[in-house]
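**Q** quick check, what structure comes out for this input:
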Amino acid sequence: MSAPRAAPLGAAPLALMDLVARFPVLTPPVSAAGAAVTLVLREGRAEVETLLIVRASNPEDPASGQVALPGGHVSDGDGSLATTALRELEEEVGLGLADLVGPPCFVALRPAPRFGLTVGVFAAALGPVAAPPAPRSPGEVAHVFWLPRSALAETRRVVRETHLGPREVHATVAHGEVLWGFTRRVLRDFFGFPAEEVLAGPGGPPPFGRPGSSPT
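**A** Residues are numbered from 1 along each chain as shown. I've put the predicted structure just below:
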């Protein structure tokens, strides 16, 4: 019998369903956060991959052109954060509950200081017969791509505009896109990668997950 493979750098399980099964199926109230996002996971050719979107260019959107997880703000009528996450998932990339292996699991509430929000984070496995995700609203989503888990182990330092002004930040570059800030921290935490030191300089905020959170 062959020896089990070691997880690539991150400490979280290798198997897709084991990754998701760590978290309960909960429906936190919308009062708990101002937005919700979903980590949609699939088995890629070599490892688990996560669905990411690139937001459309919009001068009125602080996340314009950024790489993000599918998701958005709570709306009137959303019965829970899980409802918000599923609604946004369908509106942005065309995936509904029937395209997932069961309802999304609740991962955590995470701060997004750059946007002045607390965000509900959910995770779900893509179903075997799901339609390929694609932008549903060109005004919101420019395109989508799948990020391999191991790509998160590669760190570059890039300058980005944060709520403290231009700052050098940790980033992952894949498919010609730059992943940084909130989304990158959520993904690295989910896959069990260690926290990274803050690059905001003296007086900057502490690492993600501690009071005050990060510069983005």
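
**Q** alpha carbons only for contacts and neighbour counts from here, please
**A** Will do.

**Q** where does this structure have low pLDDT?
**A** Across the chain, the ranges flagged by pLDDT under 70 are 1-8, 62, 198-216.

**Q** what segments of it are strands?
**A** 35-43, 48-55, 67-68, 71-73, 105-112, 117-125, 141-148, 156-162, 165-174, 177-180 (DSSP state E).

**Q** direction included, what does the fourth one pair against?
**A** In the sheet containing strand 71-73, its partner strands are strand 35-43 (antiparallel), by DSSP bridges.

**Q** and if you look at the last one?
**A** When pairs are called by DSSP bridges, strand 177-180 turns out to pair with strand 165-174 (antiparallel).

**Q** and the angle from the partner strand to strand 156-162?
**A** Per axes from the mean of the first three to the mean of the last three C-alpha atoms, to 10 degrees, the angle that strand 165-174 makes with strand 156-162 is 130 degrees.

**Q** CA-only coordinates of the helix ranked longest in the chain in CSV, if you can.
**A** In the chain, with assignment by DSSP state H, the single longest helix is helix 81-93. The C-alpha trace of helix 81-93 is given here as CSV (Å, rounded to 0.1, in the frame of the first residue of the first chain):
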residue,chain,number,x,y,z
LEU,A,81,-25.6,35.0,5.2
ALA,A,82,-25.8,31.6,3.5
THR,A,83,-28.6,33.0,1.4
THR,A,84,-26.5,36.0,0.5
ALA,A,85,-23.6,33.8,-0.5
LEU,A,86,-25.7,31.6,-2.7
ARG,A,87,-27.5,34.5,-4.3
GLU,A,88,-24.3,36.3,-5.1
LEU,A,89,-22.7,33.0,-6.5
GLU,A,90,-25.6,32.6,-8.9
GLU,A,91,-25.7,36.3,-9.9
GLU,A,92,-22.0,36.5,-10.5
VAL,A,93,-20.9,33.1,-12.0
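
**Q** turn the strands of the chain into JSON lines, including distance to Asp99.
**A** Formatted as JSON lines, the entries for the strands of the chain read as follows, by distance: least, C-alpha to C-alpha, whole Å:
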{"stretch": "strand 35-43", "distance to Asp99": "10"}
{"stretch": "strand 48-55", "distance to Asp99": "13"}
{"stretch": "strand 67-68", "distance to Asp99": "20"}
{"stretch": "strand 71-73", "distance to Asp99": "16"}
{"stretch": "strand 105-112", "distance to Asp99": "15"}
{"stretch": "strand 117-125", "distance to Asp99": "9"}
{"stretch": "strand 141-148", "distance to Asp99": "16"}
{"stretch": "strand 156-162", "distance to Asp99": "34"}
{"stretch": "strand 165-174", "distance to Asp99": "25"}
{"stretch": "strand 177-180", "distance to Asp99": "25"}
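
**Q** can you list the residues that contact stretch 66-77?
**A** 30, 33-39, 51-55, 81, 84-85, 88-89, 92-93, 177-180, 183 (C-alpha atoms under 8 Å, 6 or more residues apart in numbering).

**Q** how long is it from one end to the other?
**A** Distance across stretch 66-77, first residue to last, is 28 Å (C-alpha to C-alpha, to the nearest Å).

**Q** distance between that stretch and the chain's centre?
**A** Distance of stretch 66-77 from its chain centroid, counting by C-alpha atoms, centre = their mean, to the nearest Å, is 11 Å.

**Q** pull out the buried residues from that stretch.
**A** Gln66, Val67, Ala68, Leu69, Pro70, Gly71, Gly72, His73, Val74, Ser75 (16 or more other C-alpha atoms under 10 Å).
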